[in-house]
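[1] Okay, structure incoming, though there's no sequence with it:
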């Protein structure tokens, strides 16, 4: 079944694998409706270790901005922090982090709104991206119509995805919903257009953004006046303001401006483009009814190879559409962003459990609470969109 939503088509989420009409509903009516708990092996404790590991529970916090807030409170560099993966902003999340040469008692003293730190342990090991075993999700889907067929529809969709596999798309979190733009910035980086990458990051307004943000981006796009832009850009857009300030001080130093962003965020930009290409390949495989269960698709990079057979032909066609070769993933102007390539599973393997009850926040409506575990790098919204099939703004 093809998605009719503009955002889905922008980020390559063009197809559903199930053909049953969705149940609609909306996520995150309250932050606690979307709970994520990171799964990991127990820490190896060393009383003399240089790192302090801790559990952070945060409510409605972007991971990068949360670390920035912690670094300011502790007066240490953001580079001292390590974490296994980013988590949804609009959620209640619980995950492990580590910080270098900060004592447990210093962390324990912090009092930050909607952030709680606990379970402090000393260790010689940093926490790095990919270290987590996965994530456990407990998600309440609200505002569902009270129909006798609700349970039947959910069960029918579940049976379809068990048979065919759940497409392992990169989800909305990778690209954004209000401003699905990260892959567009990454595309310019991979193409070597650093100045256009900066423009795509700080300009390029989207219609669903807040009015002051939209106007600030639009004005800069039309005038190119950075000195005026620094007055207009809202204070909450601190990354954009940092880039603009750099370009005021060092005109045309676009690479230097982008390097003002945290390295992990810069990586996320080029990875988002890599992810978009993956999504397009996966969608075309679904259209052609190629099996996706127990199949892998390349995340293209410098050392990639095409898959054999019909899948490989799809991969070649998508890369040709993007006017790319494997060598283009080398990013000469910012070599630290070079992508080497790897393989990713085409389907998600999980067991989905759900309960249906009255929705206490919406009169005469039902609520369905889904619980499932996912490996790192897979997205809960990718699972739920097969059931919902609704406007991405509802996720």
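    Thanks, I have the structure now. Keep in mind the model is a prediction, meaning the values are calculated, not measured.

[2] now for the lowest-mean-pLDDT helix or strand in the chain, which elements pack on it?
    For the chain, using mean pLDDT, DSSP states H and E, the weakest element among its helices and strands is helix 172-175, scoring a mean of 89. For helix 172-175, the elements it packs on are helix 182-190, helix 263-287, judged by 3 or more CB pairs under 8 Å, 6 or more residues apart in numbering; DSSP states H and E. For glycine as for every other residue, the C-beta is placed from the backbone atoms N, C-alpha and C.

[3] so the first one versus helix 263-287, what angle?
    Translated: helix 182-190. Counting by axes from the mean of the first three to the mean of the last three CA atoms, to 10 degrees, helix 182-190 points 110 degrees away from the direction of helix 263-287.

[4] Identify the residues contacting the next helix-or-strand element following helix 182-190?
    The C-terminal neighbour of helix 182-190 among helices and strands, as given by DSSP states H and E, is helix 194-202. With contact meaning CB atoms under 8 Å, 6 or more residues apart in numbering, helix 194-202 is reached by 181, 184-186, 188-189, 217, 220-221, 229, 240, 243-244, 247, 252, 254-255, 257-258, 269, 333-334.

[5] So residue 38 lies in a helix, does it not?
    No. Looking at residue 38 with DSSP: H, G, I helix; E, B strand; the rest coil, it is strand, so not inside a helix.

[6] Find the nearest non-adjacent residue to it, please.
    Distance criterion CB to CB, 6 or more residues apart in numbering; nearest residue to residue 38, sequence neighbours excluded, is residue 95 at 4.0 Å.

[7] got it, and residue 342?
    residue 299 (5.2 Å).

[8] Got phi/psi on that neighbour?
    phi -90, psi 100 (degrees, to the nearest 10).

[9] which residues touch it?
    274-275, 278, 339, 341-344.

[10] Residue 324 touches residue 190, doesn't it?
    Yes. Residue 324 lies in contact with residue 190 (CB atoms under 8 Å); the separation is 7.2 Å.

[11] ok, back up a step: looking at the helices and strands packed on helix 172-175, which is buried most?
    Sort the helices and strands packed on helix 172-175 by mean neighbour count, taking mean count of other CB atoms under 10 Å, and helix 182-190 sits at the top with a mean of 24.

[12] Setting aside sequence-adjacent positions, which residue approaches residue 389 most closely?
    That would be residue 22: by CB to CB, 6+ apart, it lies 2.6 Å from residue 389.

[13] Can you give me the neighbour number for that neighbour?
    18 (other CB atoms under 10 Å).

[14] can you tell me which residues contact it?
    157, 386-390.

[15] Can you name every helix or strand that the longest strand that the chain contains contacts?
    Assignment by DSSP state E gives strand 134-145 as the longest strand of the chain. Applying 3+ CB pairs under 8 Å, 6+ apart, one finds that strand 134-145 contacts strand 34-39, strand 365-374, helix 380-388.

[16] Which of the residues in whatever helix or strand comes next after that strand are classified as buried?
    For strand 134-145, the following helix or strand on the C-terminal side (DSSP H and E) is helix 150-164. Neighbour-count burial for helix 150-164 flags 150, 153-154, 157-158, 160-161, 164 (criterion: 16 or more other CB atoms under 10 Å).

[17] I appreciate the help and will end here.
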